[in-house]
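> dropping the sequence and predicted coords here.
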Amino acid sequence: MPLKPSQILTRLNAKRADFETFDKRAQTAFEIYQKALKTASSQTADELLQQLRQVASSDRGAEPLEPSGTWANWIVPAHLTWQNREQSLNWVRDRLMGVSTFAVDGSQIYPGKDLSIPIALVQIGWYENCHTRDGRYEKDVDLEVMTPADLKVSSGGEPVDRKVNMRRFEMETQRLIRYMQEREDCQNCLAFLDGSLVVTFADAFDEITRQHYIDCVARLLQASQEAHVPLVGYIDTSYASDLTLMLQQAFKLPEVASLHDAALLAGFMQWGDRTPLFRCRRPGVLLKYPGNLASQIAFTYLKAHDGFPIRLEMPVWIYEAGLHEQVIDWVRCEIIVGGGYPYAIETADQTAVLKTEDRQTFYRLLQDWAEQENLNLRLSRKMVSKVRRR
């Protein structure tokens with residue numbers, strides 16, 4: 001039966017007090033942290049680091065990287081306003097003409113009950129826009145079929161979907177590395193990772209899986225620095241709390257699990273505004289990597305649309321080379337062209353995505369190939385029916 005709205009409203013009304021109490025506590029904590037934000041933003045980086053001196057670097061969440069103390073609430077104003085879209089696109093052309101932007105994304109078909117043996121498909125797609133007057137670009141895909149040996153299926157019930165996700169991330173980062181190596185010392189190139197360089201999600205996995213993601217990020221950061229090609233991890237919806245953790249430690253504030261950086265900053269920002277760059281000191285798997293991998297990653301928050309600010313992560317070398325302002329401007333340009341989301345990432349996603357008809361095509365080719373090779377591969381009756389209809 002469908003949901004009964006009357007029952008839902010009755011339950012919500014009965015528990016209204018719980019929501020009201022939570023809201024009041026959250027608002028009180030929010031005001032405390034905003035007060036700390038105002039104080040911290042008036043301090044120099046050295047003064048703030050002095051307040052954090054008793055806190056282990058692995059517990060700080062973040063440390064100031066870019067000089068601070070002159071930007072209220074840690075907001076670096078962009079002062080970007082236009083009368084119409086044409087004016088904004090003219091601004092983009094002035095900055096992005098001749099700059100190559102590159103992004104990779106992936107998609108997959110997980111093993112399922114429709115096949116008698118576990119088989120998966122991983123596809124990555126990439127898009128490079130050279131931003132030349134002739135409109136030159138490159139768009140292509142690569143894929144891999146994962147066999148039972150690749151998936152390392154065992155009777156112990158090991159989650160095979162995780163193996164697929166690991167391979168997808170590896171293929172995406174390998175393609176980014178190849179791009180950066182091919183563009184070594186390029187003065188006008190920018191590579192996008194659609195997601196975070198700080199792979200905290202790996203904390204929840206076993207040691208082998210965690211190490212896989214750490215190794216991928218380590219190679220990615222190393223390739224960016226050695227090739228001297230800027231790399232940006234783009235997180236459109238971020239629930240990171242690196243700055244709130246830093247404020248908590250510096251000002252001995254109560255812990256508030258529901259408060260995150262983007263929400264704390266949102267009310268102070270206009271389109272294009274950003275925060276100063278901070279060095280990541282987030283507790284987690286990256287801090288355990290030799291050389292403290294997390295400390296090689298800088299981050300900033302950027303107001304890109306009507307929602308909460310997005311988070312940008314980049315190798316610290318970009319700041320040390322004095323390229324951060326230019327790189328952030330390139331990101332702003334991509335967001336304008338994409339109407340609120342980087343055009344390069346959006347196009348890579350459209351290139352990589354596997355749709356329902358792709359899944360049917362994969363199964364049909366798999367069935368035909370297995371019959372030709374006399375392999376004992378069986379499709380479920382339901383899948384056979386779908387394949388025949390298509």
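Structure's in. What do you need? Numbering: from 1, shown residues only.
> show me what contacts Val145?
The contact partners of Val145, by C-beta atoms under 8 Å, 6 or more residues apart in numbering, come to 119-121. In this view, the C-beta of every residue, glycine as well, is placed from N, C-alpha and C.
> and Ile202, how far from Arg311?
Let me fix one detail, which is that residue 202 is Ala and not Ile. Per C-beta to C-beta, to the nearest Å, Ala202 is found 18 Å from Arg311.
> who has more neighbours, those two?
Legend: neighbour count by other C-beta atoms under 10 Å for Ala202 and Arg311, higher for Arg311 (25 against 21).
> show me where the stretch 151-300 of the chain has helices.
Along the stretch 151-300 of the chain, the segments classed as helices by DSSP state H, counting those that start in this stretch run 160-182, 207-227, 242-251, 261-266.
> closest one of the contacts of Val145 to Ala78?
The shortest approach to Ala78 among the contacts of Val145 belongs to Leu121, at 42.5 Å (C-beta to C-beta).
> report pLDDT for the closest one.
The per-residue pLDDT reported for Leu121 equals 93.
> equivalent analysis for the one 5 residues further on, please.
Listed pLDDT for Trp126 reads 97.
> repeat for the one 5 residues further on
At His131, the model reports a pLDDT of 94.
> can you confirm it is in a helix?
No. Counting by DSSP: H, G, I helix; E, B strand; the rest coil, His131 is not part of a helix but coil.
> so what's Ala263 up against?
Residues near Ala263 by C-beta under 8 Å, 6+ apart: 30, 308.
> got the contact list for the helix or strand hosting Leu49?
Assigned by DSSP states H and E, Leu49 belongs to helix 45-51. The contact list for helix 45-51 (C-beta under 8 Å, 6+ apart) reads 40, 43, 63-69, 250-251.
> that helix: what's the following helix or strand?
Next helix or strand after helix 45-51 toward the C-terminus (DSSP H and E): strand 61-64.
> and that following strand, what does it pack onto?
helix 45-51, helix 242-251, strand 278-281 (3 or more C-beta pairs under 8 Å, 6 or more residues apart in numbering; DSSP states H and E).
> tell me the mean pLDDT for the last one?
Average pLDDT, strand 278-281: 93.
> again with stretch 13-31
75.
> can you check stretch 302-316 too?
Averaged across stretch 302-316, pLDDT comes to 96.
> any idea how far Tyr363 lies from Arg53?
Taken as C-beta to C-beta, the span from Tyr363 to Arg53 is 60 Å.
> for the two, indicate the residue with more neighbours.
Neighbours were counted for Tyr363 and for Arg53 using other C-beta under 10 Å; Tyr363 has more, 23 against 7.
> just the buried residues of the helix or strand where that one lies, please?
Applying DSSP H and E as the criterion places Tyr363 in helix 356-372. The neighbour-count check on helix 356-372 (16 or more other C-beta atoms under 10 Å) flags 359, 362-364, 366-367, 370 as buried.
> on that earlier part again, the helix holding Leu49: which residues count as buried?
Quick answer for helix 45-51 (16+ other C-beta under 10 Å): 45, 48.
> same thing with stretch 127-136?
Buried, per 16+ other C-beta under 10 Å, within stretch 127-136: 127-131.
> same check, this time on stretch 244-255
Buried positions in stretch 244-255, judged by neighbour count with 16+ other C-beta under 10 Å: 244-250, 253.
> what of stretch 92-102?
Buried residues in stretch 92-102, counting neighbours by 16+ other C-beta under 10 Å, are found at 92, 96, 99-102.
> from the residues you listed, which is closest to Gln187?
Nearest member of the buried residues of stretch 92-102 to Gln187, counting by C-beta to C-beta, is Val99, at 9.1 Å.
> just give the nearest non-adjacent residue to that closest one, would you?
Leaving aside its sequence neighbours, Val99 sits nearest to Asn188 (C-beta to C-beta, 6 or more residues apart in numbering; 4.4 Å).
> my guess is that neighbour contacts Met97, does it?
No. Using C-beta atoms under 8 Å, Asn188 makes no contact with Met97, being 9.3 Å away.
> if we can go back for a sec, any chance of JSON lines for the contacts of helix 45-51, columns pLDDT and distance to His305?
As requested, the contacts of helix 45-51 are exported to JSON lines (pLDDT from 0 to 100; distance: C-beta to C-beta, whole Å):
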{"residue": "Ala40", "pLDDT": "95", "distance to His305": "26"}
{"residue": "Gln43", "pLDDT": "94", "distance to His305": "30"}
{"residue": "Glu63", "pLDDT": "94", "distance to His305": "28"}
{"residue": "Pro64", "pLDDT": "94", "distance to His305": "26"}
{"residue": "Leu65", "pLDDT": "94", "distance to His305": "25"}
{"residue": "Glu66", "pLDDT": "92", "distance to His305": "23"}
{"residue": "Pro67", "pLDDT": "88", "distance to His305": "28"}
{"residue": "Ser68", "pLDDT": "85", "distance to His305": "25"}
{"residue": "Gly69", "pLDDT": "83", "distance to His305": "29"}
{"residue": "Ala250", "pLDDT": "93", "distance to His305": "30"}
{"residue": "Phe251", "pLDDT": "93", "distance to His305": "31"}
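> good, wrapping up.
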